[in-house]
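> Return a 3D structure for these sequence lines:
(chains A, B and C)
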Amino acid sequence: MTLNHDTPVDLTHVAGLLTRVREQKPLVHNITNYVAMTLSANVLLAIGASPAMVHAVEEVEAFTALSASLVVNVGTLSPVWVDAMRLAVKRSVALGKPWVLDPVGCGATPYRTAVAVEFAALGPAIIRGNASEIVSLAGSSGAGKGVDSTLSSEAAVGAARALTEQTGAVIAVTGEIDYATDGKTLLAIDSGHPLMTLSTAFGCGLSAVTAAFAAVAPPLSAASAALTVYAAAGREAAGKCHGPGHLPAELCDALYAADARMLKRNAVATSRVL
Amino acid sequence: MTLNHDTPVDLTHVAGLLTRVREQKPLVHNITNYVAMTLSANVLLAIGASPAMVHAVEEVEAFTALSASLVVNVGTLSPVWVDAMRLAVKRSVALGKPWVLDPVGCGATPYRTAVAVEFAALGPAIIRGNASEIVSLAGSSGAGKGVDSTLSSEAAVGAARALTEQTGAVIAVTGEIDYATDGKTLLAIDSGHPLMTLSTAFGCGLSAVTAAFAAVAPPLSAASAALTVYAAAGREAAGKCHGPGHLPAELCDALYAADARMLKRNAVATSRVL
Amino acid sequence: MTLNHDTPVDLTHVAGLLTRVREQKPLVHNITNYVAMTLSANVLLAIGASPAMVHAVEEVEAFTALSASLVVNVGTLSPVWVDAMRLAVKRSVALGKPWVLDPVGCGATPYRTAVAVEFAALGPAIIRGNASEIVSLAGSSGAGKGVDSTLSSEAAVGAARALTEQTGAVIAVTGEIDYATDGKTLLAIDSGHPLMTLSTAFGCGLSAVTAAFAAVAPPLSAASAALTVYAAAGREAAGKCHGPGHLPAELCDALYAADARMLKRNAVATSRVL
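As a prediction, this is how the structure comes out:
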């Protein structure tokens, strides 16, 4: 057991990665669910990336070759989409391009869990999910102990550590507090807003933003930056809302205007050595 | 012929059902059209329900088993989606869970009408459509008289009465005035706003909200509450808009904030014995 | 070489066509991509048209027969959707109804390019794309000279002239300045706003609006009116925004309120004989 000192995440560095996204405008290939497509495209545009949604088996590999990174989100999966995801992922891995897995609803049905487990083993740079998805994925992927008993943050962090060992991916778990870990370092971001759970596809949008950062930085830095920027923008946005209705629009505006000052105003992000 | 006294709908009871949705947070399974998915998810979140969009034949029955209610909306149907709808509906019926049918565009093409007719016979708790859809469905389902001559509210109410006899479902017909009937009672809600017709998928969103109420109340109460809350929230929302653009966001905010006072401020809902 | 005098587009005429859309409420059949569906429906409703999204092979021809015009957008194509597009297009042509092609991403993958080239040859009234799409389509469709070297507006205009000769369609190229040409006249509209590129599916929405105008006017007039109204509304909308978040909602409000005065306030549209 090491002594754990929480040190603040360097927000200037995070802002620098955001600038890098805006300068490089990475083409982010999204194979995502129907509900999340529009928001995913808009949050990517708002941070300066270039989104595309392409899923036909006939073209998905060619498109992967053009893209800087890929996000695979199983929210509204069906077999032909899974075929396309498999092709895109394998091509990404072959080309050494980072890809992000969003195992939406892992644990809800056997089919969904099986697909998520299959993809978790295919070498994602980052897996981003909520606590129950990460706990389910870690358990189903063969963690030594049953992890389906509780969905507290503690349990999710344990599952994330198990899952990073199993998959080699950085694991991001979002919830009241967001965590990211590569097994050696644990980041904790406490900057979001409860209203963010009342507007659909916010988690999916975060996975897309994570893929944009993964195109310009190593996985742990990318996950850390994505979580920090998104949570801070979400808090900034929620402060302008009386309900969830305008939150997607305000989130895009906050992402579009995000800079070091906005991050410092909103972000509570710390890091500790595990 | 009975004497018909219009009595006001008990808005305190409606507000109580809304509270019940917020407390129980029913998981509403949506098999709906691409255009309506995001709004459906957002209005469900706004009233406190938990939406999910799941349509793969491989998992749809397992997901139905987890859900509190189901909405089947044929807006952008295709054969593989219809297969999934059929499985989900049959499982819902077998499990005694309520499901809502939205026969979008019934009457427009023979394929669409045939699908709507097939599902109307499978035991929906509630069917929700506009006048022409309900008139077409009632006519195609075998009402004694041709009903394609007029789409006035009177005709729609007649068709709704025929359709409730044919199917056993509560029928909700929305338009300038919204109606709901179980064949014995007729509810009339005159609280919406014309702007609501200028923003896409508002009817589909109402069907989703109806499924949420169907998870916590019997069909006629559920339809009455859904129509009343949605129309009142729509009127509240439209009062804050200069056009249709912000209406979806304002509708979500109004649903999120809805309470007995808001209902009393906006709702004109009456009931009569048929 | 003729002397080229730039003459202003008659904005009163454009406003008249907008009135015609509002009076006739054309049913516009959309076979479009998942990301663009909601915005396409909402911009069509905002200008007074009646949108429908129908793509099943089983009903697409029957629906084409009911519609006033069709838009085919290949943004998220897959084989079964392409089959439906082919049926709808052939039926539209057989019935003498105008249809608009949006060759999203033409040039990005061989599959996508092949589909766009196939459809460009099937008799669209109007093809609407960005510079790289039009340049790619013109080149792949057999223009005499290679056109993939540059994506400046000049190159796009040259490609548009080549493409109109190849296809007989009016070509609309959108970008910093929008162009439309039938090979004899060249329209230039310089009224949009850079923020419009930061909200997804705005180009797709314009293609849908173009199809609405194509239902009430000949192709060049329709393209001219659609580009002029949409760019002016976009500029009006962007003036009310601090970022891209609320732009879709503000665009709908501006389209809903559009009239000759709004056009005169925002539109810079000129025409020249080629």
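> What's the first helix or strand after the longest helix seen in chain A?
Selection of the longest helix in chain A by residue count, based on DSSP state H, yields helix A:219-238. Next helix or strand after helix A:219-238 toward the C-terminus (DSSP states H and E): helix A:247-257.
> Stretch A:34-52: which residues count as buried?
Neighbour counts using 16 or more other Cβ atoms under 10 Å in any protein chain shown place A:34-49, A:51-52 of stretch A:34-52 among the buried residues. Every residue, glycine included, has its C-beta placed from N, CA and C.
> Kindly report the same for stretch A:58-72.
With burial defined by 16+ other Cβ under 10 Å, the residues of stretch A:58-72 counted as buried are A:58-64, A:67-72.
> re earlier: of the buried residues of stretch A:34-52, which belong to helices?
Using DSSP H to define helices, the subset of those located there is A:37-47.
> got a list of contacts for the helix or strand of chain A with the lowest mean pLDDT?
Scoring the helices and strands of chain A by mean pLDDT, DSSP states H and E places helix A:153-167 at the bottom, with a mean of 89. Contact with helix A:153-167 is made by A:120-121, A:123-124, A:127, A:131, A:134-135, A:137-139, A:141-144, A:147, A:149, A:169-171, A:173, A:175-177, A:179, A:181-183, A:186, A:274, as judged by Cβ atoms under 8 Å, 6 or more residues apart in numbering or on different chains.
> quick one, the longest helix of chain A and helix A:247-257 angle?
What separates the directions of helix A:219-238 and helix A:247-257 is an angle of 120 degrees, with axes from the mean of the first three to the mean of the last three Cα atoms, to 10 degrees.
> chain center to helix A:219-238, what's the gap?
What separates the centre of helix A:219-238 from the centre of its chain is 10 Å, taken as Cα atoms, centre = their mean, to the nearest Å.
> Would the helix or strand containing A:Val89 count as contacting chain B?
If you go by DSSP H and E, A:Val89 is part of helix A:79-95. Yes - Helix A:79-95 lies within reach of chain B by Cβ under 8 Å from any Cβ of the partner chain, at A:Pro79.
> ok so, going back, quick one: list the elements packing against the helix or strand following the least confident helix or strand of chain A.
Remark: after helix A:153-167, the chain's next helix or strand is strand A:170-174, criterion DSSP H and E. Under the contact criterion of 3 or more Cβ pairs under 8 Å, 6 or more residues apart in numbering or on different chains; DSSP states H and E, the helices and strands touching strand A:170-174 comprise strand A:126-130, helix A:131-140, helix A:153-167, strand A:178-181, helix A:202-214, helix A:219-238.
> Dump the ones you listed into TSV; add mean neighbour count as well.
Formatted as TSV, the entries for those read as follows, by neighbours: other Cβ atoms under 10 Å in any protein chain shown:
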stretch	mean neighbour count
strand A:126-130	28
helix A:131-140	26
helix A:153-167	21
strand A:178-181	26
helix A:202-214	29
helix A:219-238	27
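> possible to save the ones you listed as JSON lines with distance to A:Ala269?
As requested, the helices and strands packed on strand A:170-174 are arranged in JSON lines below (distance: least, Cβ to Cβ, whole Å):
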{"stretch": "strand A:126-130", "distance to A:Ala269": "16"}
{"stretch": "helix A:131-140", "distance to A:Ala269": "18"}
{"stretch": "helix A:153-167", "distance to A:Ala269": "15"}
{"stretch": "strand A:178-181", "distance to A:Ala269": "9"}
{"stretch": "helix A:202-214", "distance to A:Ala269": "14"}
{"stretch": "helix A:219-238", "distance to A:Ala269": "5"}
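> Relative to C:Arg112, which of these is closest?
Evaluated with Cβ to Cβ, those place helix A:202-214 nearest to C:Arg112, the distance being 21.2 Å.
> quick one: the closest residue in space to A:Leu263 that isn't next to it in sequence from chain B, how far?
Closest residue to A:Leu263 apart from its sequence neighbours, by Cβ to Cβ, 6 or more residues apart in numbering or on different chains: A:Leu11 at 4.5 Å. The span separating A:Leu11 from chain B equals 30 Å under the rule Cβ to the nearest Cβ, to the nearest Å.
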